[in-house]
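Asks: Return atomic coordinates for the entry below.
(one chain, ligands or ions: 2)
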Amino acid sequence: MATTASPPAAAEALLTDGSTVTIRPLRPGDHLAVLDLHAKRMSPGNQRLRFFAMSRRAPEASADRLCAPVREGFLALGAFSAIGLPEEQLLGVVEYDVDAQRPMVAEIAVAVADDRHHQGVGTLLIEHLVHAARNAGLLIFEADALAENQVMLKVFAALGLRVERHHTGPEVRVVVWLDESAEEYLTTVDERARSADVASLLPLLMPRSIAVVGVSARPGSVGHTVLVKIRQGHFEGPVWAVNPHAETVAGLACYPSVGQLPGVPDLAVVAVPADRVPDVAVDCGRLGVRALVVLTSGLDRHQSERLLDACRRHSMRLVGPNCLGIAQTDPAVRLDAQFGAVVAAAGSAGVAVQSGGVGIALMERLNALGIGVSSFVSLGDKYDVSGNDLLQWWENDQRTRLAILHLESFGSPRAFARTARRVARTMPVLTVDAGRSAAGRRGAASHTAAAATPTVTRQALFAQAGITATSGIGELLEAAALLHSQPLPGISGKVAVISNAGGIGVLAADACAEAGLVLPELPAPLMQRLIAELPQGSSAANPVDTTAAVDAQALAAAVDLLVESGTVDAVLLCLAPTALGTDPVQELLAAPARRTRPIAVVRLDQRTPVDYLTTHDGGRLPCYADPQSAARALAHAADRARWLAEVPAAVPRPEGIDRDAAEAMVAGFLSRHPEGGWLDPEVTAQLLHSYRIPLATSVWATGEHDAVEAAGRLALTGHEHRVVLKAYWPGQVHKSDLGAVRTGLHGRDAVRDAYRGFVRDFGERLTGVVVQPQATPGTELFAGMVQDQVFGPLVLFGMGGTAVDLLDDRAARLAPLSTVDIRTLLTSPHGSPLLFGYRGAPPADLDALEDLLARLSVLATDLPQLTDIDLNPVIASKDGITCVDARLRLEPRPAPDPYLRRLRRLPDPTQE
Ligand code: ADP
Ligand code: MG
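Replies: Ligands and ions are numbered 1, 2, ... in the order given. You can find the predicted model right below:
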C-alpha cells in the first residue's frame, strides 16, 4: 500500500464565481479555524447533516481529528480564501481516512461553511482529495450521508466518477471509484474548470470600470498612451488615473494612490516602475480590484513572486507582466487598453500573443482584411493568464469565430492539447509554428529528444490536436481568410484549378501538389460541359485553361460547374490581368459567395498577399496574390475538414500493467538521484517489465565468470544458440560506435574473449556487462516516448538500428494513443512497408507492435517523470518482437496532473 505518499503541496484554484482559493493540508495551527467553521459557520441543520446528530462535542472532535499531526492513511484538506491576510477565511474542509481492513478504501467527509454553499467549494476539495488519494494508491472513497442531504449527494453524483448509492434507512452510503482512466471525469473536471475560468476572466475582459496606475504626465510614456487610448476608444465605464505627482493627466483628474480612488475598478492597468509593481498589486487587491494588466517589464524574481502572490491572495487574474495590454471590442465594453499603434476593429478573431510586436501586426492585418478582433490579449511573461484561458474564453464567447494564438511556449502542454482539441471542434484554432523545435532546446542530453519533433512531425502533431499551424504570420492570415469566409472543403483534398493563362494554371497545380492537395482528372461529361461554356482553344483537363479570351459569364459558369460537379472539394481560380474589357471575376461576385465548396481566387496583380473580394450580397471570397498562398490555405482547410470528420476512437488499456511497481521504482530512483538521469540497465529492465514491454532477457554481470555462466544459460533461447555481450558504464550513448556490442557469440570461449576485450578496451570505466540471447533476425525499428514542451507526452515510432539517426525516419503522435492513432503511427514512417510483407517477405508481428505502442502510450501518461524512452532497436519478425536496447530517463519535475484544477505557479527559472 502506498499511503505513505507525502502530503500534497498547497495549490491555488478557482471557485465557480471565479475567485481564487488556496487548497492545502490542514495543520495543528488551523484548529481554531476548523472549530469555528463547524460550530459557528454551519447552522444546526447543516451540522446535523454533517454529524447525523446534534452533538455539542462533534465540532470539537472534528477539529481535533482534522488538525492532528500528519498520520498515515489520513489526509485533511482545507480551502482558504485570502490566505495569509487578516481576512483569511476557511471555507470548507474535506478528509479521508483509510479503512484499516481494506487498505484501498477510504472513508471521506466534507463540510462547507453555510455562506459558501453553491460556489463549488466542496467539489473542488473533493477533486483535490481524489488526486491525493490516487497518488496514495487508493481505489475507492466511501461516504455516509443522510438521505435528505441532497446537496452532498448531488456533489458526489456530479463528480464525473463512477458513483453507487446504497440506501439503509435514513442513511445513504455513497461509493466512489477513483478510476484513473475515466475520460468522463476529465471531461467533467474540464467543464467545471472552464466555467470557473470564464467567470474569473470577466473582470479582465468585460470590465465595468478601470484604473490606470502609473500614468506619467509625459505624453508618449506607456501609462499615458494607454490612458489616452482607453478614452479615445470610448470605454463604456468610468476610467480613473493614479499618479501621486500630477493633478491631471490628459485632461483627467489624477488620484494620488489606488486606495484613494472614488470607486473600486474591476480592472487595473499597471505601468509603474518594476520596484513599485508588487505594492501597487497589494493596494489593488485590498481595494477589491479583480484583474490586473501589468505592462511593466524587468521585474526581478522577488518582485515577480510578490506580484503573483498578491494576485492569488486577493483573487485577481493577472495578464503580463511585460505586455502590450488588452483590447475588447464588445460594444458593451469597448476597451482599448494597449499601447500598440493600432486600434483593434470590432470583429470575430480572438487573438492572444506572447510578443506585443506580433500582436500589433496581427491586429493591423485582421483589421485590413475586415475580419477584425473580438478580444486581444498580449500575454507577455504569462505569470497567470495563458493561451489556455483565452481559448476557453473564446469558446464561450458568442462573438469569437476564429482563435489565433502566437505563443513561444505553453504553460501546461497537456492542458493545452486537451483544450485546443475541444475548442477546435467549434472554431478554427490557428497558431504559428516556426519550427523552433521546442523539444530540441533541451535535447542536449538525449539524441531522442533532439530528434523527437522536427518541423514535419510538429505539423502532424498540431494537426492531431486540430490546430491549424502555419509557418508564419502571413500564412496564418491567408489560412484565416479562407477559413473565415468559405465553407470547409470535403476531406478528399481534391482541387480543381482553373485559370485564364495556362502557365499560371501549371504553377498553381504545382503549388497544390506541394501543399499536399490532389488535382484529379475531370470526368469526360464534365469536361464536355466545360468546353461548351468556354472559348475556343480552352482546355478542360485539370488545370482548366480558359484562355485569356474568357468572359466573366463563361468563367462564372465554369467555376460553378466545377463547384457543383462533386468531383472536387475546392476550386482555385487563377487570374492574370488582361486588358479585355470587364473584370473576369465580376460575374462570380454577382452570385452568392457561400457556395457548397470553397473557392479561392488568385490575382497576380494584387498588391497585398491576401484580400477579400466582396460579392454583391456582401459575402467574401479570399483573393491571393500568389498561387502558393492560396494552395496552402486550401490545404489547411482540407486538414481541418479531415480532423473534424475523424471519429474519436477508443484508447486501449493493455493488460497486466503494474503501475504501482513502476511508480515505486521511479520514486526509488529519484530519491537516489534527486536531479534525475538515465536509468541503469537493471532498473530499465525492471521498469519495462512492469509494463510488459518486451525487452530481451538481459542479465547483468559484473565479472567474467558470471558473464560466461549467464551466456551459457541464455544461449539456449538465442538464435542459433548465440548470445550478445554489451559493455556498460554510466553515461554511455552509442555503444556499438565504440565497439561495446558483440553480437552472434557462440560458445564459452567466444564469450570469454569478448569479455576480456571489453576489459582491455574500456578498463576502469566498465561497470559491468549485459548478456542477452541473440534475437531472431528481423526488421530493426525504433519505438519510444518523449515529453515535449509544447505537446506533452508523445509516442514515437520509426525505422531503427544503428543507422537510425542518419535516416531520421520517425513519426510521432500525441499520447494517449487511440487505436486509430496506433495504426496511423505504424504506417507513418517511410520505411513502414517493410513491416507489411515487403517483396514477398512475411509481414512482421503487427499485433505485437500495436500492443507495444499502446503500452508506451500508457507508460508515457502514467509516469510524467519519465521524460525519454528510447527503444532502439526493437527487432520485429513474423514470430514476434523484442527490444534489445533500451534507454530511459527520469526527471524529478512532475508534470501537472490533467485531472487537477489549479492555477499556475511562476515558471521555474531552471526549467526555462
Ligand atoms: P547501441 O544502439 O548503443 O549502439 P545496441 O544495443 O542497440 O547498441 O546494439 C547495436 C546493434 O547491435 C543493434 O542495432 C542490433 O543490430 C545489434 N544487436 C544488439 N543486441 C542484439 C541482440 N540481442 N540480438 C541481435 N542483435 C542485437
Ligand atoms: Mg541501440
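Asks: So which bits of stretch 418-430 are buried?
Replies: 418-424, 427-430 (16 or more other Cβ atoms under 10 Å). For glycine as for every other residue, the C-beta is placed from the backbone atoms N, C-alpha and C.
Asks: can you tell me which residues contact residue 552?
Replies: Contact analysis of residue 552 by Cβ atoms under 8 Å, 6 or more residues apart in numbering lists 582-588.
Asks: Those in helices, which ones?
Replies: 586-588 (DSSP state H).
Asks: Neighbour-wise, which one of the residues you listed leads?
Replies: residue 588 (24 neighbours; other Cβ atoms under 10 Å).
Asks: Identify the residue nearest that one in space, chain neighbours excluded?
Replies: residue 556 (4.5 Å; Cβ to Cβ, 6 or more residues apart in numbering).
Asks: can you pull the pLDDT of that neighbour?
Replies: At residue 556, the predicted lDDT confidence score is 93.
Asks: pLDDT-wise, which helix or strand of the protein ranks last?
Replies: Among the helices and strands of the chain, helix 447-452 carries the lowest confidence by mean pLDDT, DSSP states H and E, at a mean of 35.
Asks: Ligand 1 contacts on this structure?
Replies: Neighbours of ligand 1 within the chain, by Cβ under 6 Å from any ligand atom: 696, 724, 726, 734-736, 741, 743, 772, 774-775, 780, 801-802, 872-873, 884-885.
Asks: remind me, longest strand of the protein?
Replies: Among the segments of the chain that qualify as a strand by DSSP state E, the longest is strand 866-877.
Asks: That one near ligand 2 anywhere?
Replies: Yes. Judged by Cβ under 5 Å from the ion, strand 866-877 comes into contact with ligand 2 at residue 872.
Asks: Just the C-alphas of that strand, formatted as PDB.
Replies: Written as PDB, here are the backbone C-alpha positions of strand 866-877 (Å, rounded to 0.1, in the frame of the first residue of the first chain):
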ATOM      1  CA  LEU A 866       9.700   9.600 -17.400                       C
ATOM      2  CA  THR A 867      11.000  12.100 -20.000                       C
ATOM      3  CA  ASP A 868      12.500   9.800 -22.500                       C
ATOM      4  CA  ILE A 869      12.100   6.200 -23.600                       C
ATOM      5  CA  ASP A 870      14.400   5.100 -26.400                       C
ATOM      6  CA  LEU A 871      13.900   1.500 -27.600                       C
ATOM      7  CA  ASN A 872      16.300   1.000 -30.400                       C
ATOM      8  CA  PRO A 873      16.200  -1.400 -31.900                       C
ATOM      9  CA  VAL A 874      13.000  -3.300 -31.500                       C
ATOM     10  CA  ILE A 875      13.600  -6.300 -33.700                       C
ATOM     11  CA  ALA A 876      10.400  -7.300 -35.400                       C
ATOM     12  CA  SER A 877      10.000 -10.600 -37.200                       C
END
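Asks: List the strands paired with that strand, with their directions.
Replies: Using DSSP bridges, strand 866-877 pairs in its sheet with strand 779-788 (antiparallel), strand 880-883 (antiparallel), strand 886-890 (antiparallel).
Asks: Tell me the gap between it and the middle of its chain.
Replies: Distance of strand 866-877 from the chain centroid (Cα atoms, centre = their mean, to the nearest Å) equals 25 Å.
Asks: Tell me the helix or strand right after the helix of greatest length in the chain.
Replies: Ranked by number of residues, the top helix in the chain under DSSP H is helix 183-205. Proceeding N to C from helix 183-205, the next assigned helix or strand is strand 210-213, under DSSP states H and E.
Asks: Which neighbouring elements make contact with the very next helix or strand once past that following strand?
Replies: Counting by DSSP H and E, the next helix or strand C-terminal to strand 210-213 is helix 222-232. With contacts taken as 3 or more Cβ pairs under 8 Å, 6 or more residues apart in numbering; DSSP states H and E, helix 222-232 sits against strand 210-213, strand 239-242, strand 267-270, strand 335-338.
Asks: Include distance to residue 717 when you put those into a markdown table, please.
Replies: Formatted as a markdown table, the helices and strands packed on helix 222-232 follow (distance: least, Cβ to Cβ, whole Å):
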| stretch | distance to residue 717 |
| --- | --- |
| strand 210-213 | 74 |
| strand 239-242 | 78 |
| strand 267-270 | 69 |
| strand 335-338 | 69 |
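Asks: Of those strands, which is nearest residue 118?
Replies: Residue 118 sits nearest to strand 267-270 of all the helices and strands packed on helix 222-232, at 26.1 Å, using Cβ to Cβ.
Asks: Which residues outside the helix or strand following the closest one are in contact with it?
Replies: For strand 267-270, the following helix or strand on the C-terminal side (DSSP H and E) is helix 277-287. Residues from elsewhere that reach helix 277-287 (Cβ under 8 Å, 6+ apart): 211, 213-214, 257-259, 261, 264, 268, 270, 272, 292, 294, 296, 299, 303, 306-307, 310-311, 313-316, 321.
Asks: what residues are up against the nearest residue to residue 717 once chain neighbours are set aside?
Replies: Among residues not flanking residue 717 along the chain, residue 773 sits closest, at 4.6 Å (Cβ to Cβ, 6+ apart). Contact analysis of residue 773 by Cβ under 8 Å, 6+ apart lists 696-697, 714-719, 722-724.
Asks: Now, of these, which are buried?
Replies: 696, 714-715, 718-719, 722-724.
Asks: Including pLDDT, could the residues you listed go into a markdown table?
Replies: Shown next, in a markdown table, are these (pLDDT from 0 to 100):
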| residue | pLDDT |
| --- | --- |
| 696 | 96 |
| 714 | 96 |
| 715 | 95 |
| 718 | 94 |
| 719 | 95 |
| 722 | 97 |
| 723 | 97 |
| 724 | 97 |
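Asks: Could I get the buried residue list for the longest helix of the chain?
Replies: Here helix 183-205 shows 185, 188-190, 192-205 as buried, counting by 16+ other Cβ under 10 Å.
Asks: ok, so of the buried residues of stretch 418-430, who is nearest residue 531?
Replies: residue 428 (37.2 Å).
Asks: Was I right to think the closest one contacts residue 468?
Replies: Yes. Counting by Cβ atoms under 8 Å, residue 428 touches residue 468, with 5.8 Å between them.
Asks: okay, and the common contacts of the two?
Replies: 479, 483, 640.
Asks: Residues of the protein that sit close to ligand 2?
Replies: 872, 885.
Asks: what's the one residue in the chain that gets nearest to ligand 2 in contact with, if anything?
Replies: As assessed by Cβ to the ion, ligand 2 sits closest to residue 885 within the chain, at 3.5 Å. The contact partners of residue 885, taken as Cβ under 8 Å, 6+ apart, are 726, 735, 871-873.
Asks: Need those residues in a markdown table (columns: pLDDT, neighbour count and distance to residue 842).
Replies: Listed next are the contacts of residue 885 as a markdown table, based on pLDDT from 0 to 100; neighbours: other Cβ atoms under 10 Å; distance: Cβ to Cβ, whole Å:
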| residue | pLDDT | neighbour count | distance to residue 842 |
| --- | --- | --- | --- |
| 726 | 97 | 22 | 29 |
| 735 | 89 | 16 | 30 |
| 871 | 96 | 27 | 22 |
| 872 | 92 | 25 | 23 |
| 873 | 94 | 22 | 18 |
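Asks: Can you tell me which residue of the stretch 801-912 of the chain sits closest to ligand 1?
Replies: At 3.2 Å from ligand 1, residue 885 is the closest residue in the stretch 801-912 of the chain, using Cβ to the nearest ligand atom.
Asks: Buried by neighbour count: which residues of stretch 647-664 qualify?
Replies: Residues of stretch 647-664 classed as buried: 651-652, 654, 657, 662-663 (neighbour count, 16+ other Cβ under 10 Å).
Asks: Just give the closest residue to residue 50, not the sequence neighbours.
Replies: Nearest non-adjacent residue to residue 50 (Cβ to Cβ, 6+ apart): residue 111, at 5.1 Å.
Asks: what's the burial count for that neighbour?
Replies: Neighbourhood size, residue 111 [other Cβ under 10 Å]: 26.
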